[in-house]
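Asks: generate coordinates for the sequence data below:
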Amino acid sequence: MINEMKDSLNIAIAGATGYVGLELIKILSNHPKVKILYLCAKKSSGGKIYNYDKKIIKKNLPKITKITSINWNNIDIIFTALPNGEAQKIAKVIPNHVKLIDLSADFRLNDFKLYKKWYGINHKCKNLINKSIYAITEFSREYLNKYNIISCPGCYPTSIQIPLIPLIKKKIININNITIDAKSGYSGAGKKIKNKFKFKNLFNSVSAYGVGTHRHMAEIDQELSKISHKKINVSFTPHLIPMFRGILSTIYLDTHRNINALKIYKYLKKYHKRNFFVKIAKFNTPIGTGDVINTNYCNISVCKSRIKNKVIIISTIDNLIKGASGQAVQNMNVAFKLKETMGLI
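Replies: Down below sits the predicted model:
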């Protein structure tokens, strides 16, 4: 489907009261080419969205309703920030003119058997998987307007792929030994974090989780393998840290014999020169999440290792924005031929 630029896009948001849904509302309510017609949630029907986040200052937003109340004839796009399995149900019933931009894992994996393996759910619309696009905007902008289902990557995979994909394309790193240590604020686990994690002193300690089993490994492996045309299995360990938002991924790489950290730095800087939301820090500079919080930027630093032919890359994003809502809006902008940065700066 090829989308023409419209004066205004009519939007529905499903999962409006979750962390990601609320961030979507804050971005889209200030977007000059968007009108929010529906805010949907399973609970609190008839309630006001302002009660969930006082930072939402836009007036005249619709009251919370159920998805069944949507008049699809009036909608151009539905954003789904729902638990895994729910967007599939919506994809089966929406008309062809409605674009689905999904922030769950429902259309991230190309193989429905892998989806069942990693998420424990039978895929409900297998026939639509190959009609969707897995979309980090920086790598997908040329194709977004051709798909009615846009699958936004997970937060960890976003922080990891933005620095890695160019290097794998260029064939200047060893793909057989990629090690990633990633840390995220607890908002990445959603509002029901206490039901998911029973760590002692959860909000006052650093906790490793999903060691060797985290679901995001499936999409990281899938996408990196596509680029390399060889099977890649990364070593990935995520951690929850005692702050609300932000991700810092530290990636340890082996390079080929004549490639050092400075060459990696120069290549990444050149590659991402056209990508407004990717910033490459000065060579060999430690970075943190502080500069990306509440933004759609991904900041990257390439650092030397004391070990020959090894490089350390640090990548930081806001998990709720570049890792979710902001990237979704960035994808929308490109798909509908709007300025890519619209509503995001």
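
Asks: just the buried residues of stretch 134-153, please?
Replies: 134-141, 144-145, 147-153 (16 or more other CB atoms under 10 Å). Glycine gets a C-beta too; all of them are placed from N, C-alpha and C.

Asks: residues in contact with that stretch: which ones?
Replies: 1-3, 91, 96, 98-103, 106-108, 110, 128, 131-133, 158, 161-162, 165, 219, 223, 272, 275, 277-278, 324, 327-328, 330-332, 334-337, 340 (CB atoms under 8 Å, 6 or more residues apart in numbering).

Asks: now with 6 Å?
Replies: Residues outside stretch 134-153 that contact it (CB atoms under 6 Å, 6 or more residues apart in numbering): 1-3, 99-103, 107-108, 132-133, 161, 275, 327-328, 330-331, 334-335.

Asks: pLDDT value on Ser235, please?
Replies: pLDDT, Ser235: 97.

Asks: tell me the contacts of it?
Replies: Thr179.

Asks: helices or strands next to the longest helix anywhere in the chain in the packing?
Replies: For the chain, the longest helix by residue count, based on DSSP state H, is helix 155-170. Under the contact criterion of 3 or more CB pairs under 6 Å, 6 or more residues apart in numbering; DSSP states H and E, helix 155-170 touches helix 216-228, strand 247-254, strand 310-317.

Asks: in that helix, what counts as buried?
Replies: Using 16+ other CB under 10 Å as the test for burial, helix 155-170 gives 155-168.

Asks: kindly report the same for stretch 236-254.
Replies: 236-238, 240-241, 245-254.

Asks: could you pull up phi and psi at the nearest residue to His272 once chain neighbours are set aside?
Replies: Nearest residue to His272, sequence neighbours excluded (CB to CB, 6 or more residues apart in numbering): Val278, at 4.1 Å. Backbone torsions of Val278, given as degrees, to the nearest 10, read phi -110, psi 120.

Asks: could you measure from Gly288 over to Leu24?
Replies: 25 Å (CB to CB, to the nearest Å).

Asks: between those two, point out the one with more neighbours.
Replies: Leu24 (28 against 13; other CB atoms under 10 Å).

Asks: what packs against the host helix or strand of that one?
Replies: For Leu24, the host element (DSSP states H and E) is helix 19-28. With contacts taken as 3+ CB pairs under 6 Å, 6+ apart, helix 19-28 sits against strand 9-14.
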